[in-house]
Structure formats: structure tokens, C-alpha cells
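Undergrad: structure for this input, please:
(chains A and B)
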2 protein chains.
Amino acid sequence: MKILVTSGGTSEAIDSVRSITNHSTGRLGKIITETLLAAGHEVCLITTKRALKPEAHPNLIIREINNTNDLLVVMQELVKKYQVLIHSMAVSDYTPVYMTGLEEVQASSNLEEFLNKQNHQTKISSTDEVQVLFLKKTPKIISLVKEWNPSIHLIGFKLLVDVSEEYLIEVARQSLVKNQADLIIANDLTQISANQHHAIFVEKEQLQTVQTKEEIANLLLEKIQAYDS
Amino acid sequence: MKILVTSGGTSEAIDSVRSITNHSTGRLGKIITETLLAAGHEVCLITTKRALKPEAHPNLIIREINNTNDLLVVMQELVKKYQVLIHSMAVSDYTPVYMTGLEEVQASSNLEEFLNKQNHQTKISSTDEVQVLFLKKTPKIISLVKEWNPSIHLIGFKLLVDVSEEYLIEVARQSLVKNQADLIIANDLTQISANQHHAIFVEKEQLQTVQTKEEIANLLLEKIQAYDS
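TA: Sure thing, here's the model as predicted:
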């Protein structure tokens, strides 16, 4: 099958030397991609410069992106050409709009004015004691996937931090329904370490739990093979 | 001589999945360290997990840090044990204090209250359309070096973006005086690429210009050998 995988974490520039980065090593996306290639699938991996990547392979295309907007543009182009999307990238929820000293913010009678401003310096000055950064929500790319390709099999991820398993599953179920996904893989940062990656596969009528990145990749492969039959 | 080198860029956490990162590959610090080791010096390199690093060497110690506060703690310990400091790390000027939705900020009659708040969620919620992040200045570590060790030879860097050469030199001179440095290496991001690294060595009575990272490392070595004689 033709499978699109995203991995790594996006970065949103504040200025030319600073950015807000979502942490993700890309290790899981690498293992998933290698597992799919070994089973004979064609993979396009959308990832970042910094992320871990698989070795070159005749059935692998790698596309590097930087920020959420890059990702949107590339996904809009590619989603319609693939049968399955495995969206494991950590995507920034917010992107910087304007950064300024506290005094300018205190002097304002309408804070919304800052949402229309832009920093014209290429490197923001560092003289103020306190800076205020305004950020706006980025588009939720996962929610657009089925508009771009109604027949694609959509597999998403939900990462929370230090929550109960019940709550994690509930949030994953909401994402499943809202984004018309086939499967959401739910995980908690406190249960991810070098040798362990506790994850719950949340589908409409089924829950399955695995304990390592390799187990995630193997169960994913099984799910994908079933889509084909 | 015993030389302390810093390289890479610090990251300041917003929450457990996001941080503000200062871009720096660590390539220059790696070349400087290799040049010093080849000339027989002992080097301690303070750098980050993500930065490029030299190969292991019997005269090299590597210490990894993450944020500005880690750097402060390690430098306070090490600066007094070394004869020269080459401080090439890109250090965050600001660190996140509190992030919240625009509505909470609009409802406040005194924005300074947010400087005493802390986010208690481990991953900040992403329901608000607009978020506001308050940041405070980090300690200027370079200004503390001579307090910790008055006899250390201090070599700093000044990176600006798209400014005139006159202005770049003026700012570097101010840093030279203010931080009691022996030398400030001034550079402009627009004049740094894969094969080029235009830099101006600014000393009290001298200006010298070089064009590559290797030339920076070699001229630095020359300066340091002169301190010893």
C-alpha cells in the first residue's frame, strides 16, 4: 500500500534566532517506517531536519518540513495520493504572532491590537526585563485530512502528560470521532522512556495495549494489512 | 592551558512538551575544540544534547546542559578552575514564566500579577484561540564570569542579524568593556553559511577579520597561545 507517515516535531520561529519547538526525537516514526518498508509497502515520510530518519530505501521518499504551515502545504498536496496516513508528528498548537516588552502591553487599551502586529526586527531586542509573546492557534491539520481524501485510512496520535488511563482513552475517543479516524494511538509522556512506550490503540469497538515502540509498529502493520483485505 | 568552551544553544521549557530554543548547531564550538586539542590544550566543552560534538579525546571533558539555569550552575563551578573561557553558546535571553489564554490577560487590572504565576498543568491546554506567554530575562552569565574568576581570559561572542559592520563592531566593543572580556568575536547571521563564517575579532586596540569557521578557530588558538607567554 501507499502510506504517508509524519514524524518529529514542528518548530515555529519567534525571530531569526529563536523558535518554539515541540519535542520529538522521531524515533517512533523511524521504526514504523522501517517496519512498513520491510513488509513491502511504499512510504513517504514527512519529517524535520532534526528528527531521526531511516536509512535510504528504494520504496521510501523523505520530505523535510519545518513549521506547521509547511506541514499543511505538503499534506494538502500528498494526502490525496496515499491510502493510509500515520500522523505521529508533534505539531505545534500555537505559532508566535508578536513579541514586545511588558510596558507596551500595559499601555494598551485593547490587547487584540497585538494580534495584528508583526516584529520588524530580525532579532528581537533583549533590553526589557519582561517580554510578552502573543501566539495564535495553528490550523488542526488532522481535522482536514478527510476533506482532502475521504477514502484515506487515518491513524492519529494523542499525547497527554500524567493523566489517568480512563481520561487518556476518553480524549482519544473524542479525537477518533471528531477527525473520522480509523485509529488513535493514545500515549502518556510519563510512560515513555528509552526501552518502554506504553500505548493504547483506540478504535471504535476495540482497545489494545502495547508496551514498546516495536510493538506499536508491529500492531500498526497488522491494522494496515487488514485495511487492504 | 586549561580551556573552557561553551557551544550549542540553550532551550527553555514552556511545559513538558514545548520549549523555546536558541538555534545553534554547535559546529563552530566543535571545530574550536578540535583545534585546541590538536595543539595540546586541555578542554572542557559545555554543550547541549542536540549540538554537534567532537570525537572523544583524552584531554577532552564534555558536560551536557539544557537551559540557562543549568549553564549558570555548571559555569559557576567550572569557571574558577580554567584559564580561558570561550563562550560561543547561544544563550536564551528570556525564559517562560506563565502562559495563559488571552481572556485571562484581558480581565486583569495588573499584568505584573502574571509574573508570579506558574502553570500547574504539565501540558498547557490548547483550547484558547490566542495564548499569551510571559517571559522574564535570564541572568547575563557572561557578566558574572570575572566575578567568579578575575584572572580568567574571557572570550565572548556577539551575534546580530542584518546590521551594518560599524554597528556590529560598536555593540561588540560595549560587550568587551562591560564584561571585562579580552576579546569579542562579532558576527552577523546573514554572513554565516555552510562554507562561510564572516567574523570580526574585536579587541581593545585591534580589529581582525576572518571568513571561515576554521579561520576563527586558528586565530583563536593564536590569541590563546599569546596569553600564555
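Undergrad: could you use CA atoms for every contact and neighbour count after this?
TA: Noted.
Undergrad: just checking, A:Glu203 touches A:Val177?
TA: No - if you go by CA atoms under 8 Å, A:Glu203 and A:Val177 don't touch, sitting 9.7 Å apart.
Undergrad: which one of the two has more residues nearby?
TA: A:Glu203 (18 against 14; other CA atoms under 10 Å in any protein chain shown).
Undergrad: next, work out how far apart the more buried one and A:Gln211 are.
TA: Distance, A:Glu203 to A:Gln211, by CA to CA, to the nearest Å: 17 Å.
Undergrad: go on, A:Asn59?
TA: 28 Å.
Undergrad: what do you get for A:Thr21?
TA: 27 Å.
Undergrad: who's more crowded, the two?
TA: Using other CA under 10 Å, the more surrounded residue of A:Thr21 and A:Gln211 is A:Thr21, with 24 against 15.
Undergrad: tell me the domain ranges of chain A?
TA: A:2-93+A:138-226, A:98-137 (the TED database).
Undergrad: hey, least reliable of those by pLDDT?
TA: Least confident of these, judged by mean pLDDT, is domain A:98-137 with a mean of 87.
Undergrad: which parts of chain A sit against chain B?
TA: Residues of chain A lying near chain B by CA under 8 Å from any CA of the partner chain: A:16-23, A:93-94, A:106, A:111, A:122-123, A:126, A:128-137, A:160-162.
Undergrad: just checking, what packs against the longest strand seen in chain A?
TA: Criterion DSSP state E: the longest strand present in chain A is strand A:183-192. With contacts defined as 3 or more CA pairs under 8 Å, 6 or more residues apart in numbering or on different chains; DSSP states H and E, strand A:183-192 has these neighbours: strand A:153-160, helix A:165-178, strand A:197-203.
Undergrad: how many neighbouring residues does A:Asn187 have?
TA: 24.
Undergrad: chain neighbours aside, what residue packs nearest to A:Leu36?
TA: Nearest non-adjacent residue to A:Leu36, counting by CA to CA, 6 or more residues apart in numbering or on different chains: A:Leu221, 6.5 Å away.
Undergrad: pull out the buried residues from the helix or strand containing the one you found.
TA: Assessed by DSSP states H and E, A:Leu221 sits inside helix A:213-228. Buried positions in helix A:213-228, judged by neighbour count with 16 or more other CA atoms under 10 Å in any protein chain shown: A:213-221, A:224.
Undergrad: of all those residues, which comes closest to chain B?
TA: Distance to chain B across these (CA to the nearest CA) is lowest for A:Lys213, with 18.7 Å.
Undergrad: deepest in the core, which of the domains of chain A is it.
TA: Highest mean neighbour count among the domains of chain A (mean count of other CA atoms under 10 Å in any protein chain shown): domain A:2-93+A:138-226, with a mean of 18.
Undergrad: quick one: end-to-end distance for that one.
TA: 14 Å.
Undergrad: the longest strand of chain A pairs with which strands?
TA: strand A:153-160 (parallel), strand A:197-203 (antiparallel) (DSSP bridges).
Undergrad: and the contacts of the longest one?
TA: When contacts are defined by CA atoms under 8 Å, 6 or more residues apart in numbering or on different chains, strand A:153-160 is touched by residues A:83-88, A:142, A:145-146, A:168, A:171-172, A:180-189, A:227, B:123.
Undergrad: correct me, but A:Gly26 touches A:Ser7?
TA: Yes - proximity of A:Gly26 to A:Ser7 meets the contact threshold set by CA under 8 Å, at 5.3 Å.
Undergrad: what residues are up against A:Ser188?
TA: Not Ser; residue A:188 is Asp. So A:Asp188 contacts A:159-163, A:168, A:198-199 (CA under 8 Å, 6+ apart).
Undergrad: against A:Thr127, how distant is the residue lying farthest from the centre of chain A?
TA: The centre of chain A is farthest from one residue, A:Ala107, which by CA atoms, centre = their mean lies 37.3 Å away. From A:Ala107 across to A:Thr127, the span is 18 Å (CA to CA).
Undergrad: try A:Ser19
TA: From A:Ser19 over to A:Thr127 (counting by CA to CA), the distance is 19 Å.
Undergrad: A:Ile46 contacts A:Arg63, correct?
TA: Yes - between A:Ile46 and A:Arg63 there is a contact under CA under 8 Å: 4.8 Å.
Undergrad: what segments of chain A are strands?
TA: Counting by DSSP E, the strands of chain A are A:2-6, A:11-13, A:18-22, A:42-47, A:60-64, A:84-87, A:94-101, A:130-137, A:153-160, A:183-192, A:197-203, A:206-210.
Undergrad: reformat those strands as TSV; add distance to B:Thr68.
TA: Below are the strands of chain A laid out as TSV (distance: least, CA to CA, whole Å):
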stretch	distance to B:Thr68
strand A:2-6	31
strand A:11-13	19
strand A:18-22	14
strand A:42-47	28
strand A:60-64	29
strand A:84-87	33
strand A:94-101	20
strand A:130-137	16
strand A:153-160	26
strand A:183-192	24
strand A:197-203	30
strand A:206-210	37
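Undergrad: select, out of those, the one closest to B:Glu42.
TA: strand A:18-22 (31.8 Å; CA to CA).
Undergrad: what lies in contact with that closest one?
TA: So strand A:18-22 is in contact with A:9-14, A:90-92, A:95, B:17-23, going by CA under 8 Å, 6+ apart.
Undergrad: return the distance of it from the chain's centre.
TA: Remark: strand A:18-22 is offset 14 Å from the chain centroid, using CA atoms, centre = their mean, to the nearest Å.
Undergrad: gap between the two ends of stretch A:111-123?
TA: Rule used - CA to CA; the end-to-end distance of stretch A:111-123 is 23 Å.
Undergrad: outside of that stretch, which residues touch it?
TA: Contacts for stretch A:111-123 (CA under 8 Å, 6+ apart): A:15-17, A:97-99, A:105, A:134, A:136, B:106, B:160-162.
Undergrad: pick the one among these closest to A:His41.
TA: A:Lys136 (37.8 Å).
Undergrad: what sits against the closest one?
TA: A:94-97, A:115, B:129-131.
Undergrad: ok, A:His41 to A:Ala13 distance?
TA: With CA to CA as the criterion, A:His41 and A:Ala13 are 35 Å apart.
Undergrad: what's the answer for A:Leu189, then?
TA: 25 Å.
Undergrad: same thing with A:Thr48?
TA: 14 Å.
Undergrad: next one: phi and psi at the residue farthest from the centre of chain A?
TA: In terms of degrees, to the nearest 10, the main-chain angles of A:Ala107 are phi -80, psi -10.
Undergrad: quick one: contacts for it?
TA: Counting by CA under 8 Å, 6+ apart, there are no residues that A:Ala107 touches.
Undergrad: A:Asp128 too?
TA: By CA under 8 Å, 6+ apart, the neighbours of A:Asp128 are A:101-102, B:137.
Undergrad: of those, closest to B:Thr35?
TA: Distances from B:Thr35 to the contacts of A:Asp128, taken by CA to CA, are shortest for B:Lys137, at 33.9 Å.
Undergrad: okay, and the beta partners of that closest one?
TA: B:Tyr94.
Undergrad: pretty sure it contacts B:Val97?
TA: No - if you go by CA under 8 Å, B:Lys137 and B:Val97 don't touch, sitting 10.0 Å apart.
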